[in-house]
Each structure stands twice: as C-alpha cells, then as structure tokens.
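**Q** curious how this folds, go ahead:
(chains A and B)
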Amino acid sequence: MAGLGFEETELRLGLPGGGKDAEEAGSTVRSSGKRGFAETIDLKLKLEPASATAPMAGDEQVADSVAAAEQQPSPAAATAAVAGDGQMRRSPSQSSVIISSDPEKPRAPKAQAVGWPPVRSFRKNIMAVQADKSAAALVKVSMDGAPYLRKVDIGACKSYGELSKALEKMFSSSTMAGGSQGIMNDESKLVDLLSGSDYVPTYEDKDGDWMLVGDVPWEMFAASCKRLRIMKGSEAIGLAPRAMEKCKSRS
Amino acid sequence: MGRAGGPAAPPWHSLPDEVWEHAFSFLPADADRGAAACACHGWLRAERRSRRRLVVPNCYATDPRDAVDRFPSVRAAEVKGKPHFADFGLLPPSWGAYAAPWVAAAADGWPLLEELSFKRMFVTDECLEMIASSFRNFQVLRLNSCEGFTTAGLAAITEGCRNLKELDLQENYIDDCSSHWLSNFPECYTSLEALNFSCLHGEVNFTVLERLVSRCRNLKTLKLNNAIPLDNVASLLRKAPQIIELGTGKFSADYHPDLFAKVEAAFAGCTSLRRLSGTWDAVPDYLPAFYCVCEGLTSLNLSYATVQGPELIKFISRCKNLLQLWVMDLIEDHGLSVVASSCSKLQELRVFPSDPFGHNGGQVFLTERGLVDVSASCPKLESVLYFCSRMTNEALVMIAKNRPNFTCFRLALLEPRSPDYITRQPLDAGFSAIVESCKGLRRLSMSGLLTDLVFKSIGAHADRLEMLSLAFAGDSDLGLNDILSGCKSLKKLEIRDCPFGDKALLANAAKLETMRSLWMNSCSLTVGGCRLLALKMPHLTVEIINDPGETCPVESLPFDSPVEKLYVYRTLAGPRSDTPDCVQIV
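**A** Residues are numbered from 1 along each chain as shown, chains lettered A, B, ... in the order given. The predicted model follows:
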C-alpha cells in the first residue's frame, strides 16, 4: 500500500502518538478508515495502555475502537474509546461520572466503556489473536491491464460490498499514480465492479477452479478464496453463464 | 465418666490438644474451624496448631508473617491478590499484590509446605526460585491470572521440585524466555499428575513432552498450549490413555482422513476422559473424532471455540452427562434448546460473547430464549454466566420460577442500561424475582436498566448473597444504602458507573468491616467522603486509585474532588507500604 500515493489521498490527521494532533481527537483514529492489517498492528504497538492489568488489555481497547470506528464512527466512540496517546482510559471513566448524574439518558450506542462488557483481558487477547489469524487473509489481486498485482485483506472485509470498495480504492489509486489522463478512463470502468461493468471479478478457490465472485455467501467465499482476478469481460467466457450474459448485454 | 474402682476419666475440657486437633480435622470448612477457635483458648490453640490448609482471600488483610506464625502447620496455602475488576483492566498494573512477601514468610515458617496457590498476584522468577529451593516436599503449584514471571522461573520449579505433582498455570501472562523449563524435569522424575501450560505462547520441545507424558503413569490432567498441533495431541493421548482432563492444543488443521483417523483412534483409547477444554480454532471437520468420548464427559469448555452451527450442536447433544458447559454465544438459542433437552444433568452453564464489541454487526442469535429453555429443562442448573444482547422481565421471572436453586446468577447484557426490550421498562422486576425465588443465591451480577427499586428487593431478600456486582445501575444513594443495610452475608461488593455517593457509605461504615472488600469506580464519591470513612473505620484500608501519571496528593485536593476508583478492605495489618504513586491510602 505504501508508495503509491494511496495514503496521500486518504483523509488523516496524523498517527496517534505522532505529535500534537494525536491529543486533539479520536478522529485521528476514526478517519483512519480501512488501514491495512500491518498498520493496525502499528497502532496496537504504538499506543501504550494508560493503565491496564495486562499488557495487552489496553491495546485491545485501541484495536476495538479502531475496528469500531471503521464501522460506525460516532463522537461518543471517539471520546469514549481513544482520546489520544496515554489517555485511553480516562475519558470513559470521566464521562461515566458525568453521565451518572443523569442515569435516565441512554448512552450512545457504540460508546465503549473501559472493561465493559466484562470480558476478561485474557479472553479478549485470545479472541483477538483468533480474529487476527482469520483476518490475515491477504490474497493477490490482478486486474487485466494493470501493470502490477496488489494484495487485498479479505479478512478485513465483512461483505462483498466492502471488498468491492476496497478493490475500487486500490485500483483507482494505482491508475492515478500513473498520472495520465488516458489511464483515468480506465478508472471510470472500475465503477461498480461487482454488478455489470466491463470488468468481471473472478477468484481461484481452494480446488484451483476459477469462479465468479458473488455466487456464494460471503463467509464461504472468504474461506475458499485463494486469489482474485479482475478479468476483462471479453475474456470471462467459459465462466458461469451469468458472466457470459454480462458480456453479451454490454455489446 | 469415672466410676468407683476405675481411673477417673479426665474432664473433657482438659483433654490433650492432640485430641482436639484430631476432632477439628473433621471440620470441613475453614469457617467452622474459625468458629471453633473462638470458643476458648484451648480450642484456639489446638485449632491453629493443627490447621493444614489456609486460604487468604485478600493478601493485604494480614501480614504474611503473622499468618505463618498463627498457623505454623500449614501444608497448603492459597493467597489471592487483586480485586476481581482487575480482570477487566480497571486496575493500574503497578497496583500491588506481590507474592514475594508471602513466599519469603512461607519459606521461613512453613518448611513442610506442599501446596501453594496464587491468584491475581504479581509473582516473580525470584519467587519461583525461592519456592523451588525452600520446600523439600513441594508438590503443587497453582498460578491463576498472575503475571511478573517468565519461563526461566518455571525452569527453576521443574528442576528443583523433585516431588512435584501438579503444575497448574491458568491464564497467566508469562514471558517466554525460551527457557527449557520442560526439559528440566529430570529423567527419573515420574510423579507428575497434573500439568497445565495452556497460557504459554511459545513452542515446547515435543519430544521432551512426549517422554515426560510416557513416564508419568499417574498423569491425570494435561492442558496443552496452542503451539501443539493436532497430530501431536493425538500422539500424546496414545501415551496417556488414562487421562481424565485434557486441554487440547491447536485444534485446527486441514481435513485429512489419515489425521482424522489418528485423532479418533487416540480418543477412543481415553476411556477415563471426563473434562475437555482448549483453544479451538473452529474446525468442525474434526469434531466427530471426539464422539467416542462425549458420553463420558462431565465438563466441556468450548468457550474459545469459534465453531458454530450444526456440528457444534451435534457434538454437544451427545454429551448427555455434562455437568458443566462453557460455550460461545455462537451456539445460539437453537443450540441451547438442544442442550436443554440433551444435558439433563447440567449444573453450570457459561455463555461467552463472540463479538462483545459489536464489530461483526451483532449477527448472533442468542437471546433470553436460550437461557429460559435451559433453566426450564435442567433441574440441577445452579450456576449461570450469560452474555447476551437482550432480556425481558418476563424471561427473568420465568427463569426464577423454574430454578429456585440458583447459587450463582450472572447476567451481562452487552449494552449498558438495556431495558426490557419489549416493554422498555427497567429490569427491576426480573432481578427482584431472581433474588426472591433463589433463596440460596450466593453470587449475583446484574446488568441492564435498573433503578433503586431492585436494590430494595436485594437488600430485603438476598440473605445468603456473598458477592454482588453492579454496573450502570441505580438512581441514588438509596440504592447503595439498601444493599449495605440488608444483605446479611455480603462479603464482596463491586460497583462501577453507578450514581452512588458518600452518604450511603458513611451511613453503613460498620457494615464494611463485616465484608471482605468493596470496589467502586466511576461513581459519585468524593475525597472528603473517603477521608471521613477512613477516620471512622480504622480497621479498614481506604485506597483511592488514580490512573498512573495522574498522581495528585490527596491531602491537597478539596473535599468535594471526585474519586474515580475506590478500594476498601478490612485488614489486620494496617495500611500497606507497597503502594505505587497512583494509589493513595487515606
């Protein structure tokens, strides 16, 4: 991901712990959006838990809040979870004191109080490791016409929609790095990868067969996908009949 | 009594101590022995000199040397340190609970010590080295939720404790120094009966492990870590078919008929296997390999198993003799209804959340339904820990009616202050029903939307309640007051994020001395209130705990400064001297 200008296009306020901006807001973490797996690891390592019984407990709060932020960033989540370097666990406690004066008011849905739900740190760590293992599903993605291959983290996507977004981001930026207007034309062809453009997403499954993306439930796909290939429609003959129809309908 | 012609029998109160010591050995509970010791000086003397087993639930309740002096014949000691909420990251890591003073005192005064257990304490390699070199007949070491030591310390134990029978490492944070602790068991050593290293992350030398298992014919408990692949687990079982308790290693592998057959055959040989646990990376393909042991299992811990669906249910439904089941909420309501109909002997159920922070969008279909089913169909069910996302008063009332025999009921609704999801009312009625119906309830954890009303019920009815955990509950000090002025048997109270202030504490200060400890965080306490409490009750230690890096001396703070975390406990030893900067004793 590095070196392609991808990060330059991404809205960020700087890494946590990376200076004054880190103190500013949890929006640092929030706007990180879909950081790659490696960068999630970096976040975990950079932020030392403010206070935690176990070394990892605090880190897990960060990881949790990063992941939560990816899904539904909310102001409560930002203040509750991460207020920056070394302040991870003060905010929820302090906000708890404030809230307790008006207990009728329900909390914002994704606000994460420290230590709630009451899952033991040891358990959280094991589950995080298990999740990481399933998350490290980096598969190669080749797109016909693109100069080089990419890798996408299937584990980080929870659905076909997310995968589609990730692939769009990936390949639009690679074309932008090329810089020429000619390549920008290709970008428009990337719109709506999964539902009828010139490009047909396919994948190689465990058995070595090339299949059309989208037929099976997401979990099944994620578990069996070995690599992805975004084929030009004209070459997708010989795949599922649906692919054939797509090619025909576009002529 | 004495008759004419025979020697007069001594009056009972001057029987020699040995007789009383023998009599006391039949008293089952420490509390009974403690009560006996209060009767008279003679009994006090006899009891304390013959006490073999000592449990110290709060390591700061007494000076270790005093404990050793008072009970000089102890052979087995268990010491617990940090308060329970430390498990959830609410305590700063440097808080305390050091095992070193206890090990030192024991080394001095209990040379015949055979068993030592530490829970939630800071144990160093030096402690372990001292244990290894101080007790010539040391047999059992149990470390639960501890930290501060490495595999080098373990190496000292395995090398130095020639009579070691049990090494039980449960959920500790152990630094791996790649020390060959396992290899340090001498070749002639065969007395191992229980080995649990499930919390270790590093590789162990499998050949060494295999040889150890082969020569220790009395090995009954073996709990492996995640670094041991399935293939090797099967090999180990071949060597130890007598095993009663097994924690599997890495229970995940691509399906291979040969491996499956090997695993199946290995388990078929384990006819004594009763307890099964492990870190299971969810490979349903291999579950059928376990079918042959299902019938015999009394305890099944699948709480780290991410396997779901029909395979999981099929597996559990074969375990007809289960007494204890720990499982993830991936079992869902449907699965629990199968448990309800299959596991009629079930006594304890724990259901853990697979997605506690809602990352996966809350797809799990576990609701109050599952708990209702199990409580309806399992007559022996008495202990429950249940994480779920929704609850109703009606369900709780039904559960209370079905199962008046609950001794432990812990409900954790994932979202704080969740009301009854149908009526939108607080869950007061439901929890009241629980405490009113379950007269033997000893432990209760509540969650969801709760007002002061529920505390009225608890104070009035929960006579046997010893431990109560509250979170995001109540409206005012009245709630806390009801608890502290009722609940005759209350020993431990832990509270977080409740609008309870100083008033209730101060009004019930004397109660706190009858309890072991009180924890409160994110409530409405003030520095002034805590100071007053400390003044009022000299036998209590009142600790104000801040986050590290925020250490403002309490003396300089105004009366009404908020107190973020409070830990109060009774002690014979006076204020401890090993507090970090972030902890202040008022």
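**Q** how about the contacts made by whichever residue of the stretch 101-250 of chain B sits closest to chain A?
**A** Of all residues in the stretch 101-250 of chain B, residue B:171 sits closest to chain A, at 4.4 Å by Cβ to the nearest Cβ. No exception for glycine: its C-beta is placed from N, CA and C like everyone else's. Counting by Cβ atoms under 8 Å, 6 or more residues apart in numbering or on different chains, residue B:171 makes contact with A:120, A:122, B:144-145, B:199.
**Q** can you classify residue B:169 by secondary structure?
**A** strand (DSSP: H, G, I helix; E, B strand; the rest coil).
**Q** if I look at it, how far off is residue B:80?
**A** Here the distance between residue B:169 and residue B:80 works out to 16 Å (Cβ to Cβ, to the nearest Å).
**Q** what's the answer for residue B:492, then?
**A** Here the criterion is Cβ to Cβ. By it, residue B:492 lies 11 Å from residue B:80.
**Q** show the pLDDT at the residue of the stretch 101-250 of chain B closest to chain A.
**A** Note on residue B:171: pLDDT of 94.
**Q** please, which helix or strand holds the residue in chain A that chain B sits nearest to?
**A** Distances between chain A and chain B by Cβ to the nearest Cβ are smallest at residue A:115, namely 3.3 Å. Applying DSSP states H and E as the criterion places residue A:115 outside every helix and strand.
**Q** mind listing what it touches?
**A** Contact analysis of residue A:115 by Cβ under 8 Å, 6+ apart lists B:85, B:88-90, B:496.
**Q** what's the answer for residue B:445, then?
**A** A:118, B:385, B:409-412, B:468-470.
**Q** show me what it is bridged to.
**A** Beta bridges link residue B:445 to residue B:410, residue B:469 when assigned by DSSP bridges.
**Q** identify the residue spatially nearest to residue A:201, adjacent ones excluded.
**A** Using Cβ to Cβ, 6 or more residues apart in numbering or on different chains and skipping the chain neighbours, the partner closest in space to residue A:201 is residue A:213 (4.1 Å).
**Q** run through the residues that contact that neighbour.
**A** Taking Cβ under 8 Å, 6+ apart, one finds A:160, A:163, A:194, A:201-203, A:221, A:228 in contact with residue A:213.
**Q** so how far is residue A:200 from it?
**A** The value you get for residue A:213 to residue A:200, if Cβ to Cβ is used, is 8 Å.
**Q** ok, residue B:370 next?
**A** 43 Å.
**Q** what of residue B:432?
**A** From residue B:432 to residue A:200 the distance is 61 Å (Cβ to Cβ).
**Q** cool, residue B:52 as well?
**A** 76 Å.
**Q** ok, residue B:316 next?
**A** The gap separating residue B:316 from residue A:200 is 43 Å, by Cβ to Cβ.
**Q** more neighbours, the two?
**A** A side-by-side neighbour count of residue B:316 and residue A:200, using other Cβ atoms under 10 Å in any protein chain shown, places residue A:200 first with 27 against 24.
**Q** CA atoms only: put the one helix or strand the more buried one maps to into CSV for me.
**A** Using DSSP H and E, residue A:200 sits in strand A:199-204. In CSV, the C-alpha atoms belonging to strand A:199-204 read as follows (Å, rounded to 0.1, in the frame of the first residue of the first chain):
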residue,chain,number,x,y,z
TYR,A,199,-14.8,-6.0,-15.7
VAL,A,200,-15.8,-9.2,-14.1
PRO,A,201,-14.3,-10.2,-10.7
THR,A,202,-13.3,-13.8,-10.5
TYR,A,203,-11.4,-15.8,-7.9
GLU,A,204,-9.5,-19.0,-7.7
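**Q** any low-confidence regions in chain A?
**A** A:1-112, A:132-136, A:156, A:158, A:172-197, A:234-251 (pLDDT under 70).
**Q** on that earlier part again, export the contacts of residue B:171 as JSON lines, with columns for neighbour count, distance to residue B:379 and secondary structure.
**A** As requested, those are exported to JSON lines (neighbours: other Cβ atoms under 10 Å in any protein chain shown; distance: Cβ to Cβ, whole Å; DSSP: H, G, I helix; E, B strand; the rest coil):
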{"residue": "A:120", "neighbour count": "20", "distance to residue B:379": "30", "secondary structure": "coil"}
{"residue": "A:122", "neighbour count": "19", "distance to residue B:379": "33", "secondary structure": "helix"}
{"residue": "B:144", "neighbour count": "18", "distance to residue B:379": "31", "secondary structure": "strand"}
{"residue": "B:145", "neighbour count": "24", "distance to residue B:379": "33", "secondary structure": "coil"}
{"residue": "B:199", "neighbour count": "21", "distance to residue B:379": "35", "secondary structure": "coil"}
